[in-house]
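1. Quick one, structure for this:
(chains A and B)
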Amino acid sequence: MAVAANEISVDRQNVTAWVEAWKENPKGKTLEAYIRQEVKKLGLVDEMVDTTGHDSLENETHIADMIVMDQDSYIPVEEREKIEKKIAASRRRKRS
Amino acid sequence: MPQVADVKEVEVVTQGFQKGLNIQDAPNLLENVEVRRAENGLFDERGGFSKRAGCQNMGTVGAAGDRIISTYVFNRGDAVAPHLMVHTSAGAVYYTTDPTANPIVWTPVVVSGFSISQPMAWETFNSKCYFCDGTHYSSWDGTTYATYPSAPKGKYIRLYKDTMWVAGVFGLPDRIYSSNPGDAETWPAANWVDIRHGDGDVVRGLASDGVYLIVGKRNTGTIIYDPALFYNRVYDYEKGFESHWGVIQHESDIYYITRRGVAKWAGDAPADLISYKIDPIFDPHILNYNLLATAWAYTYGQVISWCVAEIGAAYPTMQINYYPRLAELTALGIRGLGPWSVDRVPVACASVYRYQDKVRLYGGSTLANKLYWVFADGIGQDDGQTFTAILETAAFDFGAPLLTKYVRRMRILGRGKFNVSIKRNFQNTLYRTASVDLSQGTDMWNNNNWNSDNWGPDANVKETTVNPDAYGRFITVVFYDADPNAGSMTIPVGSRDYSRPTGQWSILGCILDGQLLGVRNT
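-> Modelled structure (predicted):
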């Protein structure tokens, strides 16, 4: 059952710590993948947010999706894309 | 062709100027109680107009080139004096516990790092002052400064239902964030909502009437009516906020600047535009629309004012004033539209400070690194610069628009020293001018000069006669001055008269009398 967003145990301080850790060591993951991994680690596998008040979302949205949709408020888009481009280039090098 | 007609005595009495400025209607269609120009004065007595008081310099803050771009009064309960807070163009925040000292002693909260152009938005909650500018979200409790790196870095904050709300995060133009209830420092990660997601517009401010959180984009207004699940609906599909700081509450109403003029919040319904009579001001040839985003509202006394920048200006150059108390009441007790005037007070932002027996308006200067006491007692100039107040009446036709009139005399009721000019037939040039001195004489009785001085206090309101010897079909009277001195008005309270500081002069009424002549070319 979905709960109100303010009843979810993850706050922006948690996410900020994840983003900082990802910036230092992305472990070959995009920020989105990193966030999903951290949410899973907390055991919030089925944690759904009641988003009936959101015009652009379904009535229930997974907490990880909510955080991912807001990732640009934690890190400038350019900075995130720069890191993710480096990761992609590194993957390509490994494949070749 | 000129026609001869019987000469007829005629007179016009002004019925007051209580309907204020009207620049919407053609100049020949103004009512006699409306005026074509009203600047640097107050409609402080219904129907009368008084020059405003000036600004006193209270000293500088920070380095010489800095400007104050945001002000706030952080109230701290009964035991502690309120802090006047300012944000400067150096990205610094300062406070003072005594803005009545001159010069004011400022103490830095933060010396740099905040925005140098985006004004700070402020709120007080849990005995702390919270503020943000798009780069930081911080708090100050009077002793300790704290910043919250994980909080959303928005430009606007508003308290609603014991919760702090933030909007204006860079790159997320639709998004509104909410803190934990009762805790403005913890922000649940999923506690956000997009208002009219992807409509291409940008949130320009937040407000609240206590029941709703009002989210203003430039072109629409939306209310959030459920603080937990963010249920929202658009209340106005056509106009929204221009500026977060342009929203103000006054006597249970909320007023704000929109792209179409000044609007009054009408609850969960499209807002009412109330600035019809000054509509022409809201034109990109007159106002610097680019700076409407930082238009700043304040209320002082019974007047609501908005600081706005005129075209070509980098800082606000003008105040638009609204007088809700002077609006007519209908039989059902519904208030109509009040009068408007404009000021040119050199401040960009201002806040009302109240502590003990002092109630003062403090504003950041647009001209220099200075804080002004705005409308300072006994001050007739703006920081040493003489300014002019002007009131220009409607064009009087004496009830006979076709006929030429001979204006023999004018009886003028008012206070202080000013000039009276006549314009005729809608021309710009001043056709006749006279100086009027209605200033109150000093009581000299204590000087022991028996039988040679004023016995008791002189009258505060006086009348005089001017003989303009003027001809014209439409007669406009202009009252103005360039006097550096302040004045006062007498307020009768029972058996006592109180003297209240004001500008140099007031005009309360004017009687023109003369003769109706025939049809002439003038």
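2. in the chain, which ranges drop under the pLDDT threshold?
-> By default, I'm working from chain A. The model of chain A has no residue with pLDDT under 70.
3. looking at chain B here, not the other one
-> The model of chain B has pLDDT under 70 over residues B:1-5, B:442-457, B:522.
4. Which residues of it lie near chain A?
-> With Cβ under 8 Å from any Cβ of the partner chain as the criterion, chain B meets chain A at residues B:149-153, B:169-172, B:175, B:177-178, B:180-181, B:186-194, B:196-198, B:224, B:226, B:228-232. Placement of C-beta: from N, CA and C, glycine included.
5. Buried subset of the residues you listed, written for PyMOL?
-> Burial among the residues of chain B next to chain A is assessed by 16 or more other Cβ atoms under 10 Å in any protein chain shown; the matching PyMOL selection reads:
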select buried, chain B and resi 150+151+152+153+169+172+175+177+178+180+186+187+188+189+190+191+192+193+194+196+224+228+229+230+232
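6. what about stretch B:318-335, distance to the chain center?
-> 14 Å (Cα atoms, centre = their mean, to the nearest Å).
7. Kindly format the C-alpha coordinates of that stretch as PDB.
-> Provided in PDB are the C-alpha atoms of stretch B:318-335 (Å, rounded to 0.1, in the frame of the first residue of the first chain):
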ATOM      1  CA  MET B 318       9.100  53.900  -8.600                       C
ATOM      2  CA  GLN B 319       6.500  52.700  -6.100                       C
ATOM      3  CA  ILE B 320       3.000  52.000  -7.100                       C
ATOM      4  CA  ASN B 321       0.700  52.700  -4.100                       C
ATOM      5  CA  TYR B 322      -2.700  51.300  -3.400                       C
ATOM      6  CA  TYR B 323      -5.100  52.500  -0.600                       C
ATOM      7  CA  PRO B 324      -7.600  49.700   0.200                       C
ATOM      8  CA  ARG B 325      -9.000  51.600   3.100                       C
ATOM      9  CA  LEU B 326     -10.100  54.400   0.900                       C
ATOM     10  CA  ALA B 327     -12.200  52.200  -1.300                       C
ATOM     11  CA  GLU B 328     -15.900  52.800  -1.200                       C
ATOM     12  CA  LEU B 329     -18.000  50.300   0.800                       C
ATOM     13  CA  THR B 330     -21.200  49.000  -0.800                       C
ATOM     14  CA  ALA B 331     -24.400  48.600   1.100                       C
ATOM     15  CA  LEU B 332     -23.500  44.900   1.600                       C
ATOM     16  CA  GLY B 333     -20.100  45.900   3.100                       C
ATOM     17  CA  ILE B 334     -18.200  44.800   0.100                       C
ATOM     18  CA  ARG B 335     -15.100  47.000  -0.500                       C
END
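8. buried set for it?
-> B:Met318, B:Gln319, B:Ile320, B:Asn321, B:Tyr322, B:Tyr323, B:Pro324, B:Leu326, B:Ala327.
9. Other residues contacting it?
-> With Cβ atoms under 8 Å, 6 or more residues apart in numbering or on different chains as the test, stretch B:318-335 has contacts from B:18, B:20, B:42-43, B:46, B:250-251, B:253, B:255, B:262, B:274-275, B:278, B:281, B:302-310, B:336-345.
10. same question, stretch B:145-152
-> Applying Cβ under 8 Å, 6+ apart, the contact partners of stretch B:145-152 are A:11-13, A:15-16, A:73-74, B:109-110, B:132, B:136-140, B:166, B:169, B:175, B:177, B:179, B:185, B:187, B:192.
11. hmm, try it at 7 Å
-> Counting contacts by Cβ atoms under 7 Å, 6 or more residues apart in numbering or on different chains, the residues outside stretch B:145-152 that touch it are A:12-13, A:16, A:73, B:109-110, B:136-139, B:166, B:169, B:177, B:185, B:187.
12. same thing with stretch B:112-130?
-> Contacts to stretch B:112-130, defined as Cβ under 7 Å, 6+ apart, come from residues B:69-70, B:72, B:74-75, B:85, B:87, B:89-93, B:131-136, B:139-141, B:155-159, B:164, B:184, B:244-245, B:294, B:349.
13. could you flag which of these are buried?
-> B:69-70, B:72, B:74-75, B:85, B:87, B:89-93, B:131-136, B:139-140, B:155-159, B:164, B:184, B:244-245, B:294, B:349.
14. and those residues, which of them are in strands?
-> If you go by DSSP state E, the buried ones among the contacts of stretch B:112-130 have B:69-70, B:72, B:74, B:85, B:87, B:93, B:131-132, B:139-140, B:156-159, B:164, B:349 in strands.
15. Leaving out the residues flanking it, which one is nearest to B:Val193?
-> Nearest residue to B:Val193, sequence neighbours excluded (Cβ to Cβ, 6 or more residues apart in numbering or on different chains): B:Phe230, at 3.8 Å.
16. So the one you found, which state does it fall into?
-> State at B:Phe230, reduced to three classes by DSSP: H, G, I helix; E, B strand; the rest coil: coil.
17. ok, it to B:Asn428 distance?
-> 56 Å (Cβ to Cβ, to the nearest Å).
18. With just CA atoms, put the helix ranked longest in chain A into CSV.
-> If you go by DSSP state H, chain A has its longest helix at helix A:77-95. The C-alpha coordinates for helix A:77-95 follow below in CSV (Å, rounded to 0.1, in the frame of the first residue of the first chain):
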residue,chain,number,x,y,z
VAL,A,77,23.1,18.0,-14.8
GLU,A,78,26.4,18.8,-16.5
GLU,A,79,28.4,17.4,-13.6
ARG,A,80,26.4,14.2,-13.5
GLU,A,81,26.6,13.8,-17.3
LYS,A,82,30.3,14.3,-17.3
ILE,A,83,30.8,11.5,-14.8
GLU,A,84,28.4,9.2,-16.6
LYS,A,85,30.2,9.9,-19.9
LYS,A,86,33.4,8.9,-18.3
ILE,A,87,31.8,5.7,-17.1
ALA,A,88,30.4,4.9,-20.6
ALA,A,89,33.8,5.6,-22.2
SER,A,90,35.5,3.3,-19.7
ARG,A,91,33.0,0.6,-20.5
ARG,A,92,33.6,1.0,-24.2
ARG,A,93,37.4,0.7,-23.7
LYS,A,94,36.9,-2.5,-21.7
ARG,A,95,34.8,-4.0,-24.4
